[in-house]
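>>> Here is a sequence with its predicted model. Questions after.
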Amino acid sequence: MPVDEIEAREGMEWLLPAGNGGYASGRVLGPRSRSYHGLFVAALPEPGDRVLVLAQVDERVVAEDGRDWLAACHRYGDGTLHPRGDRHLEAAGREGGRMSWRWRLGGLVLERSLELGPGNRGTLVWRILEGRARSLHLRPFCCWRSHHGGPSPVPELRSDGARAEVSFPGVDEVLLLAADRGQWLPSGLRHENNLLADERERGLTAIEDLDSPGELVWTEPRAGTELRLDFRLGRDDGEPFRWERPTGAPTGSPVVDRLRQAMLDFLIRAPGRGRWGLLAGYPWFNEWARDSMIALPGLVAALDEDELAVEILLAWAERERGGLLPNRLAEDDGGVLYNSADAPLWYLRALFDRAEARSGLERLPARCLGAARSILDAYHAGTEGGIAVDPADGLLMAGDPATQLTWMDARFGDEAMTPRWGKCVELQALYHEGLLRAAELGLGQGRAATAWKERAGRLAASFRQRFRGGPGGGLEDCVDGDRSLLRPNQVIALGSRRPLLDRAERARILAAIEPALLTARGLRSLAPDQPGYRGRYRGGPESRDRAYHQGTVWAWLIGPWVDAALAAAQDPAAEKERVETRLAGLVGQLDRGLRGQIGEIFEGDPPHEPVGAPAQAWSVAEILRVIAEHHLDAGRIYAWSMALGQP
C-alpha cells in the first residue's frame, strides 16, 4: 500500500495469523492502539490462552553524518506522538503470509518484513534497499501478559553475540532470539505511560509500560544486505511443528479470492491437538460452536472441498453431551458451559449439508451421525438447561429470564441482556429443518424417521398458528416467554431449507421488515422504533453489552437474508441483482477497518461505523457461501463495491 493510501486510511489495521491461534496485528500507520497489537502473540497449549510476547521493535538508524533517524512511533497518555517514524513510512501491506513496511530514513531505505509459523515462532527481516549508514539499532519491547491486557514482568536478556534469550521472572517460558548478524547488547529501557487509544474508547485499561531488555546492533548496513532475526518460544532445539496451510486454487475473481484469503485466516491447527479448527474472530475470540457451524459452509466454498469441514464437525461431535455442544471447544471439558440452544441445530444443518454434497450419510464419520441422533432425541425429551419440546403444541422451548441460550447471548455480570427465552422463531425453523432432513437422509429408520416427520408436521402447524402477526408485519420473535420485538431472527426461518410458510407469505413478510432491519452492512439486531433500541455501540463494557443485540448491525445475517430473499422471489434474476448490490456494501469493508477482513458488527445508526471485533469468521463465510450457493455474480458485486466508493 503506497503512502498516500496509508495517510487516507490512518485508522486501518493489519492482521497476520500464525495458524495456531497466535497472530500479529497493529495499525498500518502510527502506534499500537489495542492491547492485542503486537508483532508476536503466542498461542499456549491451554485452549484459548494467548499471550503478547513481542509488542514491537523500534528501529534507529545512525546515518553516516551521525544523525539519528527513528522508524518507531509511540503514543503517550497525553496524546503526544513520539518519535514520528510514521512520517517516514513509504509503504506497508500484507501479501499472503508476509507483512512488510518500508521507511525512508535519511539516505537509507529500510524494509522490514514479518512472517509467523504455527509452532510459536517467526522471522523478522530487515533489508537495506538504498543507501548505507553507520549502524542500525533494533530494540525489542518484550512482555509476558494476556493479549487482553494486564501487567507484565520486566524482561531480562542474556546474550552471546547474535543470539539472545529473554526470560520473565516467574514464567517458565523464554523467548529465543537468533540473528544472523549483529551483536546483542543488554541495556534495559522502559517506555512509560503508553496509551492504547482503542482500549480507552472501550472503557478498559488503556495505559501500559513497555520494557526492552537490550538492543541488537548491526554496523555498516548498506544497500543489498539484510539482517534476519528468528524468534520462538521454548528452550528446545527440536524440529518445529509444521503443516501446510490449505489455499484453494485462484478463481480469477478479485472478490472471491480476497474473501478466500480472509476465510483461511480463521483456520487453525495447533501442536499437540491433532485437528483443525476455526477461530470465531480476531483478536479476542476463540473457537465457538455456533460460529464454527455457521462458518463451515464458507470454509467449504473457500477451499472447494469439505475434508477439513468434516474434521471440524468430528471434533465437535466428540464433545457432544446429552444432545448439547459446548459453547467453545477445549481440550479439558471441565468448566465448559453447555448453554447454547441453537449451536446443536446449526450443527445439524452443517452436517446434513455435507451429507447431501457427499450423496449420503454413509460417507460421514459414525460419531458425527451419533451426535446428530442424540441432538434430535434430546431436544424432544429435554436437555440440561430446559431445552425441550412443549407437549402442548410441539414447539421447541428453551431457557428462562436469567439465561441467554440463543446467539443473542450478551451478558453483563448476572444480567442477560437479551434472554430471548421461551419459543424463539429461529429455533423452530432450525429444529423443523433438522427433523425433516434427518428423516429424508435416512439417519433414522422405521419408527424413528416416522416420528421425526410427525414432530416436524406438528411443529409447522403450531408455528403457522403462533408466529404470524408479529411486530411490524413480521413474525413473532418469541412466544410464551420473552417479549416479542421486531428482530432479524425471523429471516433464518424465512430462508429455511425446509420452509414453514409459502413463498407469497414469505415475500410479504420480507417486504414488511426490510425497511427497519436491512442496512448496507447487514441486518440490525433490533428495529429502531422498538423499545430498548441503541443506535450507537460505544463506551465501557456494560454500555457496549447493552447495545450488542439492541440495534447493532450484524454482518453475518446478510447470509440468511439472501437465502430468504431469493427463496421468496417472484423474479429470481431481478432479486439476484438486488442482493448483489447489498453484498457490495459489505465487500467494500475489505478495504476499511482491518484491511482484507470483514468485521463482526456495525453501529445501528448511519453511517454504520465498524465496531466490535475487526475480523469475524461468519461475516466472511456467509458472503462466500451465498455467492457459491446461489451462483451470484462476483464480478458485478466487485464492480458495485468499487462504484460505492466505500464507505
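Looks like it arrived, so ask away.
>>> and the most centrally placed residue in the chain, what is it in contact with?
Central residue of the chain (Cα atoms, centre = their mean): residue 281, 1.7 Å from the mean position. Residue 281 sits next to 266, 291, 600, 613, 615-617 when contact means Cβ atoms under 8 Å, 6 or more residues apart in numbering. C-betas here are computed from N, CA, C, even on glycine.
>>> And the strands in the stretch 101-250 of the chain?
108-117, 121-130, 135-146, 156-160, 163-167, 174-179, 183-195, 207-219, 226-233 (DSSP state E, counting those that start in this stretch).
>>> want to try a markdown table for these, with distance to residue 416 and mean neighbour count as columns?
Listed next are the strands of the stretch 101-250 of the chain as a markdown table, based on distance: least, Cβ to Cβ, whole Å; neighbours: other Cβ atoms under 10 Å:
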| stretch | distance to residue 416 | mean neighbour count |
| --- | --- | --- |
| strand 108-117 | 38 | 20 |
| strand 121-130 | 41 | 19 |
| strand 135-146 | 26 | 22 |
| strand 156-160 | 46 | 16 |
| strand 163-167 | 44 | 19 |
| strand 174-179 | 41 | 20 |
| strand 183-195 | 34 | 15 |
| strand 207-219 | 32 | 19 |
| strand 226-233 | 39 | 19 |
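>>> Looking at the ones you listed, which is nearest to residue 74?
strand 183-195 (5.9 Å; Cβ to Cβ).
>>> what packs against that closest one?
strand 73-75, strand 156-160, strand 207-219 (3 or more Cβ pairs under 8 Å, 6 or more residues apart in numbering; DSSP states H and E).
>>> Output these as JSON lines; include the columns mean pLDDT and distance to residue 18.
As requested, these are exported to JSON lines (pLDDT from 0 to 100; distance: least, Cβ to Cβ, whole Å):
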{"stretch": "strand 73-75", "mean pLDDT": "95", "distance to residue 18": "24"}
{"stretch": "strand 156-160", "mean pLDDT": "96", "distance to residue 18": "23"}
{"stretch": "strand 207-219", "mean pLDDT": "98", "distance to residue 18": "22"}
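>>> and of the contacts of residue 281, the nearest to residue 149?
Using Cβ to Cβ, the contacts of residue 281 come closest to residue 149 at residue 613, 15.6 Å.
>>> and that closest one, how many residues sit next to it?
Applying other Cβ atoms under 10 Å, we find 20 residues neighbouring residue 613.
>>> from memory it sits against residue 284, does it?
Yes - between residue 613 and residue 284 there is a contact under Cβ atoms under 8 Å: 6.5 Å.
>>> so where do the strands sit in the stretch 401-550 of the chain?
Using DSSP E, counting those that start in this stretch, strands in the stretch 401-550 of the chain cover 411-412, 415-416, 423-424, 478-479, 518-519, 522-524.
>>> contacts for the longest one?
This points to strand 522-524. 488, 491, 516-518, 551-558, 561, 586, 602, 604, 619.
>>> ok, now with 6 Å
488, 517, 551, 553-555, 557-558, 561, 604 (Cβ atoms under 6 Å, 6 or more residues apart in numbering).
>>> Same check on stretch 630-642?
So stretch 630-642 is in contact with 253-256, 566, 580-581, 583-584, 587-588, 627, going by Cβ under 6 Å, 6+ apart.
>>> Quick check: buried residues in it?
Within stretch 630-642, the residues scored as buried using 16 or more other Cβ atoms under 10 Å are 630, 632, 634, 636-638, 640-641.
>>> For this structure, which residues score under the pLDDT cut-off?
1-10, 46-48, 235-244, 270-273, 330-335, 645-647 (pLDDT under 70).
>>> Would you state the helices of the stretch 251-400 of the chain in chain order?
254-264, 289-303, 307-317, 343-357, 366-381 (DSSP state H, counting those that start in this stretch).
>>> winner for burial among those?
helix 289-303 (a mean of 26; mean count of other Cβ atoms under 10 Å).
>>> Kindly calculate the angle that that one makes with helix 343-357.
Taking axes from the mean of the first three to the mean of the last three Cα atoms, to 10 degrees, one finds helix 289-303 and helix 343-357 inclined to each other by 30 degrees.
>>> coming back round to it: let me have the buried residues of stretch 630-642 in a markdown table, extended by secondary structure and distance to residue 299.
Shown next, in a markdown table, are those (DSSP: H, G, I helix; E, B strand; the rest coil; distance: Cβ to Cβ, whole Å):
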| residue | secondary structure | distance to residue 299 |
| --- | --- | --- |
| 630 | coil | 17 |
| 632 | coil | 18 |
| 634 | helix | 17 |
| 636 | helix | 24 |
| 637 | helix | 20 |
| 638 | helix | 21 |
| 640 | helix | 25 |
| 641 | helix | 22 |
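>>> Show me which pair in the residues you listed is furthest apart.
Largest pairwise distance in the buried residues of stretch 630-642, by Cβ to Cβ, is 17.6 Å, between 630 and 641.
>>> Just send the strands of the stretch 101-250 of the chain back as CSV, with distance to residue 439 too.
Listed next are the strands of the stretch 101-250 of the chain as CSV, based on distance: least, Cβ to Cβ, whole Å:
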stretch, distance to residue 439
strand 108-117, 47
strand 121-130, 50
strand 135-146, 47
strand 156-160, 65
strand 163-167, 60
strand 174-179, 56
strand 183-195, 59
strand 207-219, 57
strand 226-233, 51
